[in-house]
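Enquirer: please work out how this folds:
(2 chains)
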Amino acid sequence: MVRFLHTADWQIGMKLTGFGAMGERIRGERLSAAERALQIAQENRTDFILITGDLFEDNSVDRALIQKVVDILKRAHCPVFIIPGNHDPLVPGSVWEDRSWQAAENVVVFRENAPYPLPGAVLYPCPLAEKQSAKDPTAWIHAEDEERIAIGLAHGSVEGAPIGEWDHPIPRDAAARSGLDYLALGHWHSFAVFGAEGSAGRMAYPGTHEATSFGERDSGNVSLVEIDGRGAAPSVTPVRTGALSWVTVDERISRSDDLQSILSRIREMENAESTLLKLQLSGFITPEGRERLDDIERVVASRFFWGATDFGGLAPAPEDDSWIEELPPGVLREVGKRLRTASIDSRVRTKALLELYSLIKEARA
Amino acid sequence: MILHSITVENWRCLLEKNEIGPFSDRVNILYAPNATGKSTLFEALRCALMDNHTTRGEDFQKLRPWGRDLSPRVTVEFSVATVRYRVRKGFLDKPESLLERMENGEYSPLAEGPHADAMTRNLFTRDVPKRGMSRPEHWGILQVLWAPQGGLELGELSGNLLSDIRQSLSAQVIDDQTRGVETRLLDRYAIHFTPTGKRKDSGVSGLIERAREDLGASERELLEAESVSEKVKELSKRVATLRNEIAVLRSDHAAIEAKATEYSQLTAELERRTSDARTAESEYGRLKAEIDRIEETTQERDSAQRRLSELDASIPKLEAELEDVRARVDLATRELEAARNERTEADEFLRQSGEAGRFVELREKIHLLEGKIRAANDVRTLLAKHENEKASGAFPDLAGIRKIRKAYSDLEKATVRLESSLITLEIEPAVSCSGRVEAGGEKECVTFEAGKATRVQGAPEVRIDVESFGSIRAFGPCDSAEEAREEVAKAERNIGKLTSAFGKSGKSDIEDLFEEGASLDRHIERERAELNGLLGNDTLEELVARRDGLNRDKDGILARFPEWEREVPDAKERMCDAAERKARADERVRKAEECREAGNESLSAKNAALLLVRQQKTTEEKHLKSALDRLGKLEGDGKTIEQRRTDRTKFLMSWDSANEKAGEYRKKLEEYGGNPVKKLEKLLDAIRRKEEEHTSANEDLIRENALLDRISPKGAYSTVAVLEERLAELERQHGKEQLEAEAIRLLYDTYGQCRSELSGTVTRKATEMASGIYSRIVGSPSGDLILEESLKPAGFLPRGIKKTVDVNSLSGGEKEQLHFAVRLALATSVGNDERQLLVLDDAFMATDPLRFQRILEIIDDAAQKLQILILTCHPDRFMALPEATRFDLEDIRGRLVAASGS
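Expert: Okay, the predicted model is just below:
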């Protein structure tokens, strides 16, 4: 029997455009999640750890990051086997040529398609040497006659899986066809198990160990895999490693109560300190709702690990005369009327109206 | 603004340091006689507050004291918004500018140089003078507050002043809350925009630009790293490929090396045999050629000798033939000469026959001409006679006779009319008696014979006094006889006139004359035609001259052939004979010429043939000599031809033998199926090239690897990631600022529009205020002032009258009062809560004392809100302002002069 931890797509050094100064912290969280993954491996006494590609976001990441990753992997209690993925392919000048790897004796970076024997098992690594390819990286594997547990390591898109970057195609029956007991995959950031129809799942994506963007499903895990023997069905268990939650709230406002309800919701949201919140509101806004927006903005900015609001889709309802009625009669009311019908981008129009209310409020104060 | 003091030095007529002040913050009267510097002080005040100290235009040159090269200086102490300032400026040669602010009871410098100019000016106006001295349009609110000398009239408000006044006036029609909003809106607007409406740069754009540049550089580094990596990958592959290719080439090289050695040995043997064969072939060829040349030369010699013999034999035969031909040519030449003589004679006979023909022709022509000349002379004589007759007589022509006939016709008609208009009295008495015609005819005595009718005709009556009988009177129509008589006379005159030339006046005579003239004309015409027919285009003289010419020709011929005088030759017969003789002679000449030509040709041919044979003989002699010379040389070694042929056979056999051996070696070499040595050489060359390529690729690989080692550690991707994140954050911030700025601009513009639409209210308010002031001046509600949109006075609507009075229609006094009212209204409007300085320089000169007193009261009241400075040369007029602070400029200057003198 073998027990191992399967992880992939750490994307160390990834770009976090749109998060401002918080990007550096989110990148840091990916290293913390890596340490948690190794901790899980140790706790579960795994025989080895498989990292199936895209350990790094790019081959040109800061060399200090490579050193940090090597330092983490060196602390693993067991051997670590790595294949380069499409983000960090095995090319001249790649991260894999950095000297820091020489000090990590427990780490093996596969550089060619050749079986690698282990006690009781054989690894069939498929390192990638190019960013894009239409070739099946597992095509070379023939483990049908192998007596030991045969485990493949590959990085690519399983046919039929909803993966954005469609390259390095891997047939859905690659494991069965190649005689593998388990084909450890990387590339897709969500946990998923695939198997030939009517048989055990022998191919799996563990997903990224820490979510990389909003909208990712079942990410932030590693997989614990157990295989009792040659031909036995593998047991694949996802274990949580991600610390951050990426939450998107996209609501359409139709009543003034809606804003209060959203405010309550975000005030009560759990684990806010480790949640990245993207709040997008659209629909109609009322004069009293205007102040709720300020409250919402304040809560999002102060309570969450990171938060951003987008109220660009909000505008006063055309038939809502309360915007005008609540303005002081005279010049200011006339200004309000004209702003409401100004032929200009609705975002500018709405903002100008809100500014008018804000100025009136300040003047009253 | 409140003015505290002003100090002026070296300024036009103010030479000394003139310090005026401290001014009261209510009414101040500065008085002095004309030309003592009141307006100069006002000018210095404006320059201190408005002008750039560095300006050196013509306006400023005029500021120098008259006739002195001194630099004008001014110092003004004033307050704006309760802050006290002091500005000091020097112009022209000593330019300086210093703005100080009162802080803790002392003036502290605030700005100097151009900054001081700008800061001072900005306290009053947003309009900057471009060149030269500032003009009223640059003064901002001071345009309204400061009336220059005698210039109370308010012109077009310029620059930003109008909008400032509107803002100020409309501010008075909005509530405090709106005003509060406006203040804050202006503050917000000022965050994003400059006073001229340009977008302020918050600095984010610059940061974005820099971030983009940094990002571009890092992206280039990243691309370079990828490019170099790709190159290294390619080069690695290339190096490995080349290495494999070299190994394969070396293996091939080892395999064919032994074969190449054997091949080389066989090739060497083949070459030796081939060389032997070539030597034998060469000797064989040389001997063969030598023998061939000897044989050819021998043949050549024999042939030349043979041809010489033949030529020698042919020369005498050719010479005999030549002599024979020459004799025949002489004979032909003589025959030709005889034929030519005969032809000459025939030509002469032919010419004489021609002359005979000509002689006969001349005779005939002369005869004809003489006949024609005679006939022409006859006709011409007759014609001359008829023409003389016609010319000597007077004959009416056709037109003339027509006129005469008409005149006679007119006479007859008139006579008939006269006859019909006359009263005819016919008396046929039974007894003879006498009487006297008293009327109707000549008054004459008439005897009436018995039984004989006597007629008396007349008109309008005929009266005859018949003796012993009485008077017989006949009358009738009496109105046409005179006219008829006149017509008769007229017709007679006309006839006389028309016929006077002919010496006859009778109708038949005239007709006869006409007939006679016509007959002569017909003769003349016929004779002329006849003469023309005879002469044709010639004249008679020409015919005579022609005949004489022909006679001369004929006489010339007769001189040569006098016998023709006696007997006219038969020209036709002679001409036929001459033609026959000529044809015969020509034929003989032709034949003789042909014969001689043939002889000449034959002679030339024989001569040429002889010459050719002689030339051939010379040539053959040369050939013979050449052949003999060459043969001597070829056989110089003394060998016989047989000996030479034996040697040739020997070399031929050696050649065959060597060729056979070479063929054997060639066959062996062919068995190798190509040249292994060449293959070996090609392989070595390919190996060398591949090794060079490998070395080059390897060097490139090392170099690119070194470059990659340098680039990779830079971690360009991480730098790009951080820069992209920063750029995105900056762009987000910029977008937010942009949205905010656009919203504020929209709000600002919309608010501004709404405010400006209050202008109607504003104008009304200003109008009401000015009308109120003017009514006070007039002493009763006089009517309403009318202001334009630009707040300029447009007219006056008197009370109770519906028609507007144009400002220019008002009297001088009314006009200045009206403009003062508007100025004061606007001045009190724009000040908000701050006191402003109103300057009146020599104002109200056209105002009557009563209204002037009312104006003083208004000024006194206005001093509650305004500081007022009155510059005047009539201080007595302002005695009604007892509270006013007075400054006697003359006195001040006098004291200064005294002080400087002491």
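
Enquirer: what is the mean pLDDT for stretch B:380-400?
Expert: Per-region confidence: stretch B:380-400 scores 88 on mean pLDDT.

Enquirer: go on, stretch B:104-116?
Expert: 92.

Enquirer: and stretch B:736-749, by the same measure?
Expert: 93.

Enquirer: A helix includes residue A:172, no?
Expert: No. Counting by DSSP: H, G, I helix; E, B strand; the rest coil, residue A:172 is not part of a helix but coil.

Enquirer: pull the longest helix from the chain.
Expert: Went with chain A since none was named. helix A:22-43 (DSSP state H).

Enquirer: let me rephrase: I mean chain B.
Expert: When chain B is parsed with DSSP H, its longest helix is helix B:204-392.

Enquirer: what's the first helix or strand after that one?
Expert: Later in the chain than helix B:204-392, the nearest helix or strand by DSSP states H and E is helix B:398-421.

Enquirer: tell me where the stretch 1-150 of chain A has helices.
Expert: Remark: helices assigned in the stretch 1-150 of chain A by DSSP state H, counting those that start in this stretch are A:22-43, A:63-74.

Enquirer: for the stretch 601-750 of chain B, same thing?
Expert: B:641-670, B:676-711, B:716-756.

Enquirer: turn those helices into CSV, including mean neighbour count.
Expert: All C-beta atoms are positioned from the backbone trio N, CA, C, and that covers glycine. Shown next, in CSV, are the helices of the stretch 601-750 of chain B (neighbours: other CB atoms under 10 Å in any protein chain shown):
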stretch, mean neighbour count
helix B:641-670, 14
helix B:676-711, 16
helix B:716-756, 19
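
Enquirer: quick one on the thing from earlier: including distance to chain B, mean pLDDT and mean neighbour count, could the helices of the stretch 1-150 of chain A go into a markdown table?
Expert: Shown next, in a markdown table, are the helices of the stretch 1-150 of chain A (distance: least, CB to the nearest CB, whole Å; pLDDT from 0 to 100; neighbours: other CB atoms under 10 Å in any protein chain shown):
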| stretch | distance to chain B | mean pLDDT | mean neighbour count |
| --- | --- | --- | --- |
| helix A:22-43 | 4 | 96 | 18 |
| helix A:63-74 | 5 | 95 | 19 |
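
Enquirer: pipe those into a markdown table and attach distance to residue B:877 per row.
Expert: Putting the helices of the stretch 1-150 of chain A into a markdown table (distance: least, CB to CB, whole Å) gives the following:
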| stretch | distance to residue B:877 |
| --- | --- |
| helix A:22-43 | 80 |
| helix A:63-74 | 91 |
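
Enquirer: for chain A, what is the nearest residue in the stretch 351-500 of chain B?
Expert: Going by CB to the nearest CB, chain A is nearest to residue B:399 of the stretch 351-500 of chain B, at 105.7 Å.

Enquirer: got a list of what that residue touches?
Expert: By CB atoms under 8 Å, 6 or more residues apart in numbering or on different chains, no residues touch residue B:399.

Enquirer: how is chain B carved up into domains?
Expert: Listed by automatic domain parsing, the domain ranges of chain B are B:2-173+B:758-901, B:398-502.

Enquirer: need the winner for burial among these.
Expert: Greatest average neighbour count among the domains of chain B goes to domain B:2-173+B:758-901 (a mean of 18), per mean count of other CB atoms under 10 Å in any protein chain shown.

Enquirer: tell me how far that domain lies from the chain's centre.
Expert: Relative to its chain's centre, domain B:2-173+B:758-901 lies at 61 Å (CA atoms, centre = their mean, to the nearest Å).
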